[in-house]
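K.L.:
got a predicted structure here, sequence first:
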Amino acid sequence: MSGRRQGLSSVGGESVSSERVLGFLRSLTTYSRPFWVANLSELLERVAFYGMTPILVIYLTGSRGFENTSAIRLSGNFGLVVYGLAAMSGFLADLMGYRRAMMLAYGSLAGGYFLAGRTESYGGIVGSLILVAFGASLIKPSITGTVQKTCLDAQRSVGFSIYYTLVNVGGFLGPNLSGAVSRHLGVESVFGVSAGVVLLALFLVWALFREPPHDPDRERKSFAGFLRDARRVLAHRRLVLLFVFLTGFWSMFFQFYGPLPLYLTQDLGLSTTSVGLIISLDPFAIICFQVVVGYLIRKMVPFRAILLGVLVSSIGLALIGVYPSAVMAGIGVLVFSVGEMIYSAHFYHYMGNIAPPGQVGMYMGFAFLPIALGSFLSGQIGGPIAAYCRDVLHRPQAMWFAFAAVGVAAAAGLALLTFLSAEETPH
């Protein structure tokens, strides 16, 4: 009898699970067409962007005659502009309207990608990358703003989960696509493919996207108001110190797009296909495990979780240097991704909690500031450290210990900031 009850209970449980799955699938049909068009276009944009970025330093050194150090520095400066502009591009997107902003962004991206693969002069390459950086920075607030406006309160949590999932799907597909394209058609062809992908995104927005309704209760801010709000954000001393220390974390992340492709191809002799696969392990792990990691650390104090994430990511980079092989590089990237998941699960939550009423968007925009500074720092230190380890020590894998040390120093700063602060929870 008990066995029968257990069987009935199991069947009932399966029925409940099936109903939940069906309910979730039905709920997806309640999201509007602008929501899906915007997110699908963002998926395409991420495929193009993350298809180009891992191959950029290989292209600059192999096809355009740049020295390794110069190529890595230019890559770091490129990230500085992308994420630095993101702090203010939300203001521009609101001013223009999301449809116009997206079309301008995708047009700028397509032109930048196309020119980057064809121009040979230093000035031409820098100019084309500025076009890409402007488009990439403008598209972020346009998509997230569309999600915010087109979702009801009950839909918004799942809506942003869909957005983040598609961003990481693009982050996984992009490097693998560019690796295959560069291997069969040449590195220059990657830029043409990226241009074609964002032109498809542009067509989708032009043909199918309609501007979300304007919120009459929302005050449209002037640029002077934006600057006043920015000063308020930067007057938050604890937040500024947090940004300084997190610059070290993001400098580790951007080594994946500067020294790592050159390390894998020049020192380990791997193909561009392998480069794309190894780098894409980071977004692949996030797609699979971000929700699980977020659940496991949900009760941690945000500052402690951020500190733990930085330490775990530092261990990941150090593992790449333990032994010069593709396997160790892949393991290091996967361990780094665990730290990134721990970090991201609490950092944006913390930023939202400390923001004053009416300034959440402003604070979330400035969350890109440590990313921008981290990209810049990675470009400044990545090339010289890699050159020293390769040419003086004759142990190129040792560069990863140095990059990990930056993360450890950042973690020490975070620990000191936590110790000195009387606040252990967000205020």
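P.N.:
That came through fine.

K.L.:
in this structure, where's the longest helix?
P.N.:
Taking DSSP state H as the assignment, the helix of the chain that covers the most residues is helix 153-185.

K.L.:
gap between the two ends of stretch 229-246?
P.N.:
22 Å (Cα to Cα, to the nearest Å).

K.L.:
try stretch 290-303
P.N.:
Start-to-end span of stretch 290-303 (Cα to Cα) is 18 Å.

K.L.:
buried set for that stretch?
P.N.:
290, 293-294, 297, 300, 302-303 (16 or more other Cβ atoms under 10 Å). From N, CA and C alone the C-beta is placed, and that goes for glycine too.

K.L.:
please compute how far it lies from its chain's middle.
P.N.:
Here stretch 290-303 is found 19 Å from its chain centre; the criterion is Cα atoms, centre = their mean, to the nearest Å.

K.L.:
equivalent analysis for stretch 327-340, please.
P.N.:
16 Å.

K.L.:
now stretch 188-197
P.N.:
20 Å.

K.L.:
over to stretch 332-343?
P.N.:
For stretch 332-343, the distance to the chain centre is 13 Å (Cα atoms, centre = their mean).

K.L.:
which parts of the longest helix of the chain are buried?
P.N.:
Buried residues in helix 153-185, counted by 16+ other Cβ under 10 Å: 155, 159, 162-182.

K.L.:
average pLDDT across it?
P.N.:
On average, the pLDDT along helix 153-185 is 88.

K.L.:
just checking, what packs against it?
P.N.:
Where contact means 3 or more Cβ pairs under 8 Å, 6 or more residues apart in numbering; DSSP states H and E, helix 153-185 is packed against helix 33-62, helix 122-150, helix 188-208, helix 272-296.

K.L.:
to Cys389, which of these lies closest?
P.N.:
helix 33-62 (16.3 Å; Cβ to Cβ).

K.L.:
check which helix or strand the closest residue in space to Met96 that isn't next to it in sequence maps to.
P.N.:
Excluding the flanking residues, the one nearest Met96 by Cβ to Cβ, 6 or more residues apart in numbering is Leu104, at 7.1 Å. Here Leu104 sits within helix 98-116, counting by DSSP states H and E.

K.L.:
ok now the longest helix of the chain, how far from the chain's centre?
P.N.:
Relative to its parent chain, helix 153-185 has a centroid offset of 10 Å by Cα atoms, centre = their mean.

K.L.:
next, the angle from it to helix 188-208.
P.N.:
On the basis of axes from the mean of the first three to the mean of the last three Cα atoms, to 10 degrees, helix 153-185 is oriented at 150 degrees to helix 188-208.

K.L.:
hmm, back to that, so how many other residues sit close to the residue nearest to Met96?
P.N.:
Per other Cβ atoms under 10 Å, the neighbour tally for Leu104 reads 19.

K.L.:
which residues does it contact?
P.N.:
Leu104 is in contact with 96, 135, 138, counting by Cβ atoms under 8 Å, 6 or more residues apart in numbering.

K.L.:
same check, this time on Pro54
P.N.:
Taking Cβ under 8 Å, 6+ apart, one finds 174-175, 178-179, 256-257, 261, 275-276, 279 in contact with Pro54.

K.L.:
nearest to Thr61, of these?
P.N.:
Nearest to Thr61 out of the contacts of Pro54 is Pro261 (Cβ to Cβ; 9.4 Å).

K.L.:
what residues sit buried inside the particular helix or strand that has the closest one in it?
P.N.:
Using DSSP H and E, Pro261 maps to helix 259-262. If you call a residue buried by 16+ other Cβ under 10 Å, then helix 259-262 has these buried ones: 259-262.

K.L.:
same thing with stretch 131-150?
P.N.:
131-147, 149-150.

K.L.:
would you mind measuring from Pro213 to Ala154?
P.N.:
Plainly put, Pro213 is 18 Å away from Ala154 if you go by Cβ to Cβ, to the nearest Å.

K.L.:
with Ile371 instead?
P.N.:
Distance of Ile371 to Ala154, computed by Cβ to Cβ: 31 Å.

K.L.:
about what we covered before: helices and strands around the helix holding Pro261, which ones?
P.N.:
On a contact count with 3+ Cβ pairs under 8 Å, 6+ apart, helix 259-262 meets helix 33-62, helix 68-96, helix 272-296, helix 369-391.

K.L.:
that's all I had, so thanks and see you.
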